[in-house]
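Undergrad: Below is the sequence, then the predicted model.
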Amino acid sequence: MSKAKLLMVDDDKAFRVSTRALLEDDGYEVLAVPDGQSGVEALKRGGIDLMLLDLRMPGPDGLRVLEALRAAGEDVPILMISGYGTVNSAVEAMRLGADDFITKPVEHDELLARIEELLARRPRLQAEKEGGVGPGGLLGASEPMKQVFSAIRRVAPTDATVLIAGETGTDKELVARAIHELSDRKARPFIPLDCGAQAEGLLASELFGHVRGSFTGAVRDRPGVFQAADGGTLFLDEIGNVSSGMQQQLLRALQDGEVTRVGAVQPERVDIRLIAATNTDLEAAVGEGTFRRDLYYRLKVFQIVLPPLRNRKEDIALLVAQALRRANAGLNREIRGLSAIAMRQLMAYDWPGNVRELGAAVESAAIRCDGDLIEPSHLPQEVRAREAPGGAAADVGREIRYRPQPPESEREAILAALEATGGNRTQAARLLGMGRTTLYQKMKEYGIVTEE
């Protein structure tokens with residue numbers, strides 16, 4: 001019986017015929033077509049589990065076909081295949097939505113391994129999508145975060161330099177770690193360095209290392225983070241705080257793949273994948289002359305922009321549930337949820353400190369809470385300062401949690417949870433502390449209908 005149905009789009013007839021035969025011998029059902037238009041039409045007819053798409057073809061090439069499919073919302077896994085393999089074309093394919101990239105001549109065992117990995121990944125990705133959990137444990141069911149998760153998966157298999165932009169507290173380091181964990185370098189070190197926390201005179205030593213006697217206090221040879229991350233990933237946070245002189249040294253290290261320790265003469269070869277992050281507008285800094293244009297473009301091979309929490313408020317329920325679990329574990333408490341008005345106040349606040357501030361607010365509320373339900377009085381003053389929509393009086397006694405209670409009160413608790421989460425039943429179930437199936441049964445019992 002066929003393992004899966006594959007669609008192969010390639011204008012090279014010899015490759016198309018031979019590869020189809022080999023894949024069919026391996027148990028796959030294969031539909032092979034010679035051009036992009038035929039591929040799009042075949043995909044629209046449905047039933048395709050994975051698409052093998054050639055990069056260079058007459059008519060619309062593979063990148064244009066890929067771009068059109070992703071723009072139309074088609075989420076079938078796509079493996080790009082080309083005899084013109086370069087880092088730039090791989091990065092561009094990943095940016096446009098390819099799931100993997102392989103170059104001709106293709107070893108059949110490697111092709112099989114790539115196909116099997118993509119097919120095995122699909123159910124997990126679907127489960128993550130439904131549950132609001134992304135790569136590396138990042139949380140978010142909102143459209144902006146789905147785009148971030150997609151970008152992580154696209155760029156991780158490449159060695160491209162990544163620039164992560166976003167306000168303070170938006171979990172930029174978690175994104176960098178997720179990229180590393182999905183990359184071929186995952187077994188090697190992930191080394192983070194906050195450039196903004198380093199004294200200007202010591203940053204060169206932190207980055208590149210030093211030799212004994214190169215400056216006061218240098219009592220022994222010491223490697224820098226470039227050497228420590230050799231073979232792995234180096235994450236430089238707050239890259240916008242680096243001085244112009246250090247920018248030049250960083251650029252040279254990235255271009256040459258070599259670093260020279262402070263006080264040394266001979267350079268050392270290093271093999272690192274660089275991910276940088278900033279909470280400042282580097283493009284504006286380039287215009288102002290405070291950040292090198294050449295370094296900016298070297299860093300921005302692939303950019304991921306993290307949305308502020310105020311632009312993804314539908315994710316707050318997920319983040320609150322996670323923060324409460326952590327607070328309970330750290331404080332040895334058994335707080336079961338939040339009142340509806342407390343949750344609405346969290347939803348009404350703009351969170352200038354983003355995810356980090358939300359986590360701190362939940363922990364602070366958990367410390368103040370002397371029962372098993374967080375109320376508005378337990379929240380930080382700046383959060384309570386803005387009254388939640390609908391007013392407090394209308395929500396007195398309504399709880400976002402699940403425990404045995406009279407049917408009408410239970411129905412009210414479910415309604416409050418659904419309202420706080422924008423009708424997302426998965427998130428509401430998490431807030432209520434019940435399974436999703438149980439919530440569906442309760443909703444059916446009480447005649448509650450949502451659009452989800």
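TA: Structure's in. What do you need?
Undergrad: show me where pLDDT drops low in the stretch 351-452 of the chain?
TA: Where the stretch 351-452 of the chain drops to pLDDT under 70, the residues are 386-410, 412-413, 416, 419-422, 430-435, 450-452.
Undergrad: Where do the helices of it begin and end?
TA: Assigned by DSSP state H, counting those that start in this stretch, the helices in the stretch 351-452 of the chain fall at 354-368, 381-384, 407-420, 425-432, 436-446.
Undergrad: And the residue nearest the centre of this structure?
TA: residue 149 (3.7 Å; C-alpha atoms, centre = their mean).
Undergrad: And for that one, nearest residue in space, chain neighbours not counted?
TA: Using C-beta to C-beta, 6 or more residues apart in numbering and skipping the chain neighbours, the partner closest in space to residue 149 is residue 134 (3.8 Å). Bear in mind the C-beta positions are built from the backbone N, C-alpha and C, glycine included.
Undergrad: okay, the angle between the helix or strand hosting residue 175 and helix 354-368?
TA: In the assignment (DSSP states H and E), residue 175 maps to helix 172-181. Here helix 172-181 points in a direction 110 degrees away from that of helix 354-368 (axes from the mean of the first three to the mean of the last three C-alpha atoms, to 10 degrees).
Undergrad: Describe which strands the helix or strand that comes right after helix 172-181 pairs with in its sheet and in which direction.
TA: Where DSSP H and E defines the elements, the next helix or strand beyond helix 172-181 is strand 190-194. Strand 190-194 sits in its sheet next to strand 233-237 (parallel), going by DSSP bridges.
Undergrad: just checking, what packs against whichever helix or strand comes after the partner strand?
TA: The first helix or strand that comes after strand 233-237 along the chain, using DSSP H and E, is helix 244-256. In this structure, helix 244-256 packs against helix 200-208, helix 293-299, with contacts taken as 3 or more C-beta pairs under 8 Å, 6 or more residues apart in numbering; DSSP states H and E.
Undergrad: Which of those helices has the lowest mean pLDDT?
TA: For the helices and strands packed on helix 244-256, mean pLDDT drops lowest on helix 200-208, to a mean of 85.
Undergrad: pull the CA atoms of that helix into CSV?
TA: Taking Å, rounded to 0.1, in the frame of the first residue of the first chain, the C-alpha atoms of helix 200-208 are listed here in CSV:
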residue,chain,number,x,y,z
GLU,A,200,33.2,48.8,25.7
GLY,A,201,36.8,48.1,26.6
LEU,A,202,36.1,44.4,27.3
LEU,A,203,33.8,43.5,24.4
ALA,A,204,36.6,42.6,22.0
SER,A,205,38.0,40.1,24.6
GLU,A,206,34.5,38.6,25.2
LEU,A,207,34.0,38.2,21.4
PHE,A,208,37.4,37.1,20.2
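Undergrad: That helix versus strand 190-194: what angle between them?
TA: Going by the same axes, to 10 degrees, helix 200-208 makes 170 degrees with strand 190-194.
Undergrad: Mind checking what helix or strand follows helix 200-208 in sequence?
TA: Next along from helix 200-208, by DSSP H and E: helix 225-228.
Undergrad: thinking again about what came up before, is it correct that the residue nearest to residue 149 is in contact with residue 179?
TA: No - Residue 134 is beyond contact range of residue 179, at 11.7 Å (criterion: C-beta atoms under 8 Å).
Undergrad: what about those two, which has more around it?
TA: Neighbours per residue (other C-beta atoms under 10 Å) separate residue 134 from residue 179, with residue 179 holding more: 30 against 23.
Undergrad: Give the full set of residues in contact with that one.
TA: Counting by C-beta atoms under 8 Å, 6 or more residues apart in numbering, residue 179 makes contact with 135, 152, 155, 156, 162, 233, 275.
Undergrad: out of the residues you listed, which one sits closest to residue 296?
TA: residue 162 (13.5 Å; C-beta to C-beta).
Undergrad: got the phi/psi numbers for the closest residue to that closest one other than its chain neighbours?
TA: Once flanking residues are discounted, residue 162 sits nearest to residue 275: 4.6 Å by C-beta to C-beta, 6+ apart. Main-chain torsions, residue 275, degrees, to the nearest 10: phi -120, psi 130.
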